[in-house]
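Undergrad: Generate a structure from the sequence data that follows.
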Amino acid sequence: MREMQSQLTSENEDAALIMQALRGKNINDDDSQVAGLEMKLVEFDDDLDGIGASASSTDINGEVNRLPYEYDPIALQKFFSKRPNLIVARIFQVATTGGNVLLNFAMDALTGKLKSDPDLEVRRAAELRDTITSLGPFFIKLGQALSIRPDILSPRSMVELQKLCDKVPSFDSKIAFATIEKELGKPVNDVFSEITPEPVAAASLGQVYKATLRATGETVAVKVQRPKVLETVSLDLYLARELGLFIRNFPALSDRLDAVALLDEFAYRFYQELDYQKECLNGEIMKEQMKVLPDVVIPKNYPTYTSRRVHVAEWIEGEKLSQSSADNVGALVNLGVITYLTQLLEFGFFHADPHPGNMMRTQDGKLCILDFGLMTEITDDQKYGMIEAIVHLLNRDYTEIGQDFINLDFIPKGTDTTPIVPALTKVFDAALAGGGAKSINFQDLAADLAEITFEYPFRIPPYFALVIRAIGVLEGIALVGNPNFAIVDEAFPWIARRLMTDDSPRLKAALKYMVYGKEGSFDAENLIDLLQALEKFKAVTDEGDGSAFKVDGVRGSKNVGTAGDFSGTQKVKPAQSEEATRAGYSDVLGINIREEGQSERDEATVRGALKFFFGPEGYVFREFILEEVVNFVDASGREASQEVMMALGLNNLPMSSFIRAMSPSLSSEDKRMVQQMRKLSQFLLGDFEGALSSTGNGFQQNNQRLRQLLPVVREYAPQLREFGTLLGVRLSEKALSRGLNWASSRLVAR
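TA: I've put the predicted structure just below:
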């Protein structure tokens, strides 16, 4: 019994540590450098044959004369294979610096001591962390990359490696100023009228000075790359890759993890970080793309004053988001979620290093994002796969998540994921409730995660590891200000906007799934949920609204629960209370049903809805809703004609087969659809309570609302006429189809 209790406690703690690590809770955000640290770099000149830095890296015979500026493993192999003295020197340096630490770590792992003694594992991981820091940029970045990989490292090792500090002693400013002069081709004083004599910050790749541009008087941040970084990083990458190729000879070690592929992905991104011209271009692209979010600040870049080893960008005054105590930090974190989703899933160009130091609150309360050296590009297929997965999570439909994992390359194609649905259900119900650790039964989570990761060929694709890091850090910061924060639900406004404006076949299918569900029946409440989320997106992008979307377990009209409420499968259901209804609709749309001035706000809301519906962005939604409007008008017309016949007492008179064919009685599905469309119209006309009412009362009140809103509707008369014409054409097609079917049946009968 004691052994079982001990095992459960261990699983509980491990799962908690994994969640901490994935949320970046332990990421070192110190401003100060590591005390007594000396970075060990290899001193050599990559231009050994005396050619200029701008020359080709190969001679006429194809021989590699200098290091490439873009990651090229073949070029690195050719360069270093002819310089064995450098290889020996670096191996000796690594061995003497961390040999004992690595040997002790390996021996304890092989003998099982690390598994049986958690304190020893923490101690060894801490020793390894300090050794990694002293060995320079490659080892620091690699350690940070591994610190978010639960499929590679143990939970305790992840936590310790996240404490890696990238703040190291600065190098001599004389060298930095000489680098500026060499790179820009001008004396420092010709470029800057003022520059701090010492750096204001120093990291493993470079250090930053605050300066004033002589030409414009603008205050800028000048980043200068550390000497010999490219040379040392290139040598370390070459040695690590050679080790990875050697490990491929041992299937027991390489089957589950392809170290070479992982390293190549990491190295490609690392080389981009070393090219400050690339970072400058990234910043310009990001500044242009983020214009869609007015409360997001991207520093201006200065390509004229930027080279491969010197980067000049606008100086932004502010404080780190993680250290700010301002009232709107929670709002800025929610805005950050929209910002990163926009980068990731709309533009496919993603800031992949959003540690707390790279996110600031500006003095005027906006969100500033810094440092665009490490970026990730996402393919359309990956974007659509992630959106589909989020849609399934929003609907709490875990039966589809297994296929999403396959689409996203977590699990090989052809794998039957049906058996892991129960485990996925418990994992995601707990995680999606929000509230971080307090919402999760870690004992159950540990067992469920073990079932998923160990019984299936589960792996985290390299591109997604960076996504996990970014989103995890955002969620970790958000949980401080909002203990019930749930990132998937806060992502819903962006997802709603994308689904309702993207005409790709996969996202059209995802939109249909959101509205019709797995059963394939039109559900007005689902569409209302999307419309409300879209309104929230507009509030975020147009007005800077960063308030939480899910409040007290209610996301719009849906009760999705709060931390610790649920276990097992939780079906999303409409909010029951009147208060929840108002919180779901009124607050988001800015309309309080009880307040004075409602008519003015109604007009603003309807005008905004019509502007979206008839504008370029509304094309997808117009096409999507047209079929339901056609069915509604057709069914309502048939219902009205039948009611007239009953009122006149003519309903019992015999009618020809043609009339019956052209105006058939309403089926149960027709009646349900009419009821759903009336709910939707009630919502659009401002009757939010009526829209959620199961009785569907209030339709007469809607007529009164419509009369009041006619002046607004008339503003869009041309667009309404065009839509009405299209509606008439579709109704004619439906009538023609019924007529042809009647004629065909008559011919067959003969």
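
Undergrad: which residues of the stretch 51-200 of the chain fall in helices?
TA: Using DSSP state H, counting those that start in this stretch, the helices of the stretch 51-200 of the chain run over 73-81, 84-111, 113-116, 118-134, 137-146, 155-161, 173-184, 188-191.

Undergrad: If you could redo that for the stretch 601-750 of the chain, that was the one I meant.
TA: 619-647, 657-662, 668-684, 688-692, 699-714, 717-749.

Undergrad: can you put the helices of the stretch 51-200 of the chain in TSV and add mean neighbour count?
TA: C-betas here are computed from N, CA, C, even on glycine. Output for the helices of the stretch 51-200 of the chain, formatted as TSV (neighbours: other C-beta atoms under 10 Å):
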stretch	mean neighbour count
helix 73-81	17
helix 84-111	14
helix 113-116	15
helix 118-134	18
helix 137-146	22
helix 155-161	23
helix 173-184	17
helix 188-191	16
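
Undergrad: do you know which of the ones you listed lies nearest Leu394?
TA: Proximity to Leu394 (C-beta to C-beta) singles out helix 155-161 among the helices of the stretch 51-200 of the chain, at 28.4 Å.

Undergrad: Below-threshold pLDDT in the stretch 1-150 of the chain: ranges please.
TA: Along the stretch 1-150 of the chain, segments meeting pLDDT under 70 span 1-38, 45-64, 114-116, 145-150.

Undergrad: do that again at 80, thanks
TA: Counting by pLDDT under 80, the ranges of the stretch 1-150 of the chain that qualify are 1-65, 98-99, 101-102, 104-130, 133, 141-150.

Undergrad: still on that earlier bit, take the helices of the stretch 51-200 of the chain and lay them out in CSV including distance to Leu321.
TA: Output for the helices of the stretch 51-200 of the chain, formatted as CSV (distance: least, C-beta to C-beta, whole Å):
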stretch, distance to Leu321
helix 73-81, 37
helix 84-111, 34
helix 113-116, 35
helix 118-134, 25
helix 137-146, 19
helix 155-161, 22
helix 173-184, 28
helix 188-191, 31
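
Undergrad: re earlier: please work out which of the helices of the stretch 601-750 of the chain is packed deepest.
TA: helix 688-692 (a mean of 21; mean count of other C-beta atoms under 10 Å).

Undergrad: Report the mean confidence score over it.
TA: Averaging pLDDT along helix 688-692 yields 47.

Undergrad: and the helices of the stretch 601-750 of the chain, which one's lowest on average pLDDT?
TA: Of all the helices of the stretch 601-750 of the chain, helix 688-692 has the smallest average pLDDT, which comes to a mean of 47.

Undergrad: Minimum distance to Gly244: which of the helices of the stretch 51-200 of the chain has it?
TA: helix 73-81 (10.2 Å).

Undergrad: Going by contacts, tell me the helices and strands next to the closest one.
TA: helix 229-247 (3 or more C-beta pairs under 8 Å, 6 or more residues apart in numbering; DSSP states H and E).

Undergrad: in the helix it packs on, what counts as buried?
TA: Buried residues in helix 229-247, counted by 16 or more other C-beta atoms under 10 Å: 229-242, 244, 247.

Undergrad: Show me the contact partners of it.
TA: 41-42, 44-46, 67, 69, 71, 73, 76-77, 79-80, 86-87, 90-91, 135-139, 142, 204-206, 253-254, 259-260, 263-264, 267, 270, 274 (C-beta atoms under 8 Å, 6 or more residues apart in numbering).

Undergrad: mind running it again at 7 Å?
TA: With contact meaning C-beta atoms under 7 Å, 6 or more residues apart in numbering, helix 229-247 is reached by 41-42, 44, 46, 67, 73, 76-77, 80, 86-87, 90, 136-138, 205, 253-254, 259-260, 263, 267, 270, 274.

Undergrad: what's the answer for stretch 409-418, then?
TA: Gly402, Gln403, Phe405, Ile406, Tyr456, Pro457, Phe458, Arg459, Ile460, Pro461.

Undergrad: Can you name the residues that contact the fourth one?
TA: I take that to be Ile406. Per C-beta under 7 Å, 6+ apart, neighbours of Ile406: Lys413, Thr415, Thr417.
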